[in-house]
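Undergrad: Give me a 3D structure for the following:
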Amino acid sequence: MTTFEIIQQTVKDRDIRISDHGYDELANDGLTARKVVSGVIDAVLVESYPDYNKGASSIGVADIQ
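TA: Okay, the predicted model is just below:
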């Protein structure tokens, strides 16, 4: 299972937490947590970096209008 798939499964399982800082950053970008979280399920993997020096990382794209 890729990092991206783990993230999607974690969201499906509703096993997520968003920090106050995370909420602030979303608000600064005009986004809501609900839109972002719902977008993760249907997101498409664009790039994967399983060996990134700070830990596995992925880039996905989703329509969260």
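Undergrad: Going by C-alpha atoms from here, please, whenever you check contacts or count neighbours.
TA: Noted.
Undergrad: Helix or strand: which one has the residue of the chain positioned farthest from its centre?
TA: What lies farthest from the middle of the chain is residue 53; by CA atoms, centre = their mean that is 19.2 Å. Using DSSP states H and E, residue 53 sits in no helix or strand.
Undergrad: Which parts of this protein are helices?
TA: With DSSP state H applied, the chain shows helices at 3-12, 20-28, 33-42, listed in chain order.
Undergrad: The first one to helix 33-42, inter-axis angle?
TA: Calculated by axes from the mean of the first three to the mean of the last three CA atoms, to 10 degrees, helix 3-12 forms an angle of 130 degrees with helix 33-42.
Undergrad: do the shortest one as well
TA: Here helix 20-28 runs at an angle of 90 degrees relative to helix 33-42 (the same axes, to 10 degrees).
Undergrad: Might you calculate how far helix 20-28 sits from the centre of the chain?
TA: 14 Å (CA atoms, centre = their mean, to the nearest Å).
Undergrad: before we move on, what about the last one?
TA: The offset between the C-alpha centroid of helix 33-42 and the centroid of the whole chain comes to 8 Å, using CA atoms, centre = their mean.
Undergrad: so for that helix, what's the average pLDDT?
TA: Along helix 33-42, the predicted confidence averages to a pLDDT of 91.
Undergrad: Now for the residue nearest the centre of the chain: which residues touch it?
TA: With distances taken as CA atoms, centre = their mean, the chain has residue 40 as the residue nearest its mean C-alpha position (5.5 Å). Counting by CA atoms under 8 Å, 6 or more residues apart in numbering, residue 40 makes contact with 8, 11, 62.
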